[in-house]
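Student: fold the following and give me the result.
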Amino acid sequence: MAERPGLERNAVGLTEVLFQSITHMAPAVAVALSIGFATTFAGGSTPLAVVFALVAALLTAYSIGELARHLPSAGGMYTYVGRGLGSFFGWLMAWAFLLAEPLVPPALFAAFGLYGSIMLKSVGLSGDIAWIIGALVCAGLVWYFTYRGIAFSTRIGVLLGGIEIGIFLLIPVLLVLNAGNRNNLNVFLPGDKGLTPVLAGMVFSLLAFVGFEAAAPLGEETRDPKRTIRRAVLLSAIAIGLFYAFNYYAATVFFGPDRMAAEFYTFNGGDPWGGMAEQVLPGIGGFLVIVAILNSSLANANSGANASTRVIFSLGRANLLPSWFAAVHTSHRTPVNAVHAQAIIGIVLAVGLGLVFRDQPLGGPLTVYVFIGYALGLLFAAMYLLVNLAAIGFYFRERRSEFNPLKHLVVPVLGALAMIPAFIGVLGGMTIPLLGVAVPALTSPFDVVPGIVAVWMVVGIVLYFVIRAQRPEAIAQLGAAVTEG
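Tutor: Residues are numbered from 1 along each chain as shown. Purely as a prediction, here's the structure:
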């Protein structure tokens, strides 16, 4: 029997893989939308909260990097967990990832549609028609990028990532210059209320880092993957963490630390960055913010599709999903059926949910973005916790000669602990232990998200035992790296 064709080896290097992780964090969207919510807790100390979130993200990034040194695979984190904690937890990671990562593109299709509709109003299109057109355009572009090949797709990611970062470096530089004598490094110190609001802000800022691990599923297509993936994961977390900190330093000193908690999040009709950009770049600032968010949405959807299709392909190759998903394009060397499936899922979810939620206060597309965002927050916080524990298990069980108590015990334990308040913060309706921060319960329609995630995971547990009974050899593949394959 002829050997099944695989993904393209040695197709991308550090730059492309680095931007795979960077664009998956959607820096412009995170600055404009995600971290803004943290200001309601941290107020004028939001820059410090972002620094704390950076440290927490780096702990997990370090654990992932240590695992990537030995386990390059399109399976990414599920390979790490399968090897470090065993097949059961490896399957749970794969199953959680199978829900989480394919949800990234539709969330960004909806965001692209939302901000694209703002532009389309100038030519007389508005409402559902406008945002659906935008969502479909974004979905079509992402399908084309991922279908054409990993080198093509990731180089598009480098270009898009450079544009959004460039815009969101220009604007904060102008904010700092216009702040004049209001520039003050005290925003990196706790305020009168101590660390409690800072730590609460850190919990929600941490969600803006989701995606730094997105380089991992490209392990089979990367040059020198054991070194390159590790560097990309760590460098992306550091670089974007500093980028976030600078942006919120600029916003805080320009807007005013005392106003941040009460006024920033709702300023300019809920578009504070557009409002500030218009003040320092009259006539074009707000437009540039929209361009950056559109660009960021497209880039994030692209990197999310790259990651999800590789994991779907890997599960198909291991016969944990139908082998149809393991098909590879003969010339582009892309997981072609996984690419098609991801595009269809993304369009159906983005447009379908947007129409279902059209009467919600936030409107259809924004409700889709937030709805999926809650699910992603829950899933990724849990997955990051597991991958930290997997680092301990892998080095203790398989690499005992390399086991370092600081690198492979202290750092992963701290990384896992940092994810617990993040998980609770997204779950809602609880008080975060030690921090004493009461998180409001989720409101409709978002209150059904934890139940959906719970049902998905219960189904996954049942499937594990079914598959183990019927195809034990497939379960054994959960920890296989490409070099062993």
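Student: I'd like the distance between residue 70 and residue 77.
Tutor: Using C-beta to C-beta, to the nearest Å, residue 70 is found at 14 Å from residue 77. Backbone N, C-alpha and C define where each C-beta goes, glycine included.
Student: same check on residue 163?
Tutor: Separation of residue 163 from residue 77 (C-beta to C-beta): 29 Å.
Student: repeat that for residue 192.
Tutor: Residue 192 sits 41 Å away from residue 77, going by C-beta to C-beta.
Student: and what of residue 38?
Tutor: 25 Å.
Student: for residue 163 and residue 77, indicate the residue with more neighbours.
Tutor: Taking neighbours as other C-beta atoms under 10 Å, residue 163 and residue 77 compare with residue 77 leading, 29 against 18.
Student: what segments of the stretch 251-400 of the chain are helices?
Tutor: Secondary structure of the stretch 251-400 of the chain (DSSP state H, counting those that start in this stretch): helices at 257-259, 267-270, 272-280, 285-317, 336-356, 364-397.
Student: how many residues are close by the residue lying closest to residue 354 once chain neighbours are set aside?
Tutor: Counting by C-beta to C-beta, 6 or more residues apart in numbering, residue 354 lies nearest to residue 364, which is 3.8 Å off, once chain neighbours are set aside. Residue 364 has 25 neighbouring residues, counting by other C-beta under 10 Å.
Student: shouldn't residue 364 be in contact with residue 128?
Tutor: Yes: the pair residue 364 / residue 128 is scored as a contact, 6.9 Å apart, by C-beta atoms under 8 Å.
Student: quick check: neighbours shared by those two?
Tutor: By the contact definition C-beta atoms under 8 Å, 6 or more residues apart in numbering, residue 364 and residue 128 are jointly contacted by 354-355, 358.
Student: what about residue 63, distance to residue 147?
Tutor: For residue 63, the distance to residue 147 equals 33 Å [C-beta to C-beta].
Student: same check on residue 195?
Tutor: From residue 195 to residue 147 the distance is 48 Å (C-beta to C-beta).
Student: who's more crowded, those two?
Tutor: Neighbour tally, residue 195 and residue 147, criterion other C-beta under 10 Å: the higher count belongs to residue 147, 19 against 15.
Student: got the contact list for the more buried one?
Tutor: By C-beta under 8 Å, 6+ apart, residue 147 lies in contact with 329, 332, 334, 336, 339.
Student: who touches residue 28 in this structure?
Tutor: Taking C-beta under 8 Å, 6+ apart, one finds 164-165, 167-168, 292-293, 295-296 in contact with residue 28.
Student: phi, psi for residue 437 please.
Tutor: Per-residue torsions, residue 437: phi -90, psi 120 (degrees, to the nearest 10).
Student: so what's it up against?
Tutor: 41, 196, 199-200, 203, 421, 425, 431.
Student: again, only using 10 Å
Tutor: 41, 196-197, 199-201, 203, 421, 424-425, 430-431 (C-beta atoms under 10 Å, 6 or more residues apart in numbering).
Student: over to residue 400?
Tutor: Residue 400 neighbours (C-beta under 10 Å, 6+ apart): residue 408.
Student: for residue 7, phi and psi?
Tutor: Dihedral pair for residue 7: phi -70, psi 160, per degrees, to the nearest 10.
Student: number of residues surrounding it?
Tutor: 22.
Student: isn't it right next to residue 334, touching?
Tutor: Yes: Residue 7 lies in contact with residue 334 (C-beta atoms under 10 Å); the separation is 7.7 Å.
Student: who touches both of the two?
Tutor: 149-150, 221, 310, 313, 328.
Student: where in this protein is the helix or strand with the lowest mean pLDDT?
Tutor: In the chain, the helix or strand scored least confidently by mean pLDDT, DSSP states H and E is strand 437-438, which has a mean of 74.
Student: tilt between the very next helix or strand once past it and helix 364-397?
Tutor: Using DSSP states H and E, the helix or strand that follows strand 437-438 towards the C-terminus is helix 449-470. Relative orientation of helix 449-470 and helix 364-397, computed by axes from the mean of the first three to the mean of the last three C-alpha atoms, to 10 degrees: 50 degrees.
Student: buried stuff in helix 449-470?
Tutor: Of the residues in helix 449-470, 449-450, 453, 456-457, 460, 464, 467 count as buried by neighbour count, 16 or more other C-beta atoms under 10 Å.
Student: do the same with stretch 287-299
Tutor: Neighbour count says stretch 287-299 has 288-299 buried, by 16+ other C-beta under 10 Å.
Student: between these, which is closest to residue 90?
Tutor: Checking those against residue 90 by C-beta to C-beta gives residue 299 as the nearest, at 29.6 Å.
Student: measure the closest one to residue 106 for me?
Tutor: 15 Å.
Student: residue 91 now?
Tutor: Separation of residue 91 from residue 106 (C-beta to C-beta): 24 Å.
Student: neighbour count: those two, which is higher?
Tutor: residue 106 (28 against 25).
Student: which one is residue 134 nearest to, not counting chain neighbours?
Tutor: residue 116 (2.8 Å).
Student: correct me, but the one you found touches residue 139?
Tutor: No: using C-beta under 10 Å, residue 116 makes no contact with residue 139, being 11.8 Å away.
Student: what do these two both touch?
Tutor: Common neighbours of residue 116 and residue 139, counting by C-beta under 10 Å, 6+ apart, are absent.
Student: number of residues surrounding the spatially closest residue to residue 395 that is not a sequence neighbour?
Tutor: Excluding the flanking residues, the one nearest residue 395 by C-beta to C-beta, 6+ apart is residue 408, at 4.0 Å. Residue 408 has 23 neighbours, counted by other C-beta under 10 Å.
Student: same deal with residue 385?
Tutor: Based on other C-beta under 10 Å, the number of other residues close to residue 385 is 20.
Student: likewise for residue 191?
Tutor: 19.
Student: and residue 330, by the same measure?
Tutor: So residue 330, with other C-beta under 10 Å, has 8 neighbours.
Student: next: residue 99.
Tutor: 18.
Student: could you check the angle helix 336-356 makes with the helix or strand containing it?
Tutor: Here residue 99 sits within helix 87-120, counting by DSSP H and E. Taking the same axes, to 10 degrees, one finds that helix 87-120 is oriented at 60 degrees with respect to helix 336-356.
Student: by neighbours, which of the contacts of residue 147 wins?
Tutor: Neighbour counts for these (other C-beta under 10 Å) peak at residue 339, which has 28 neighbours.
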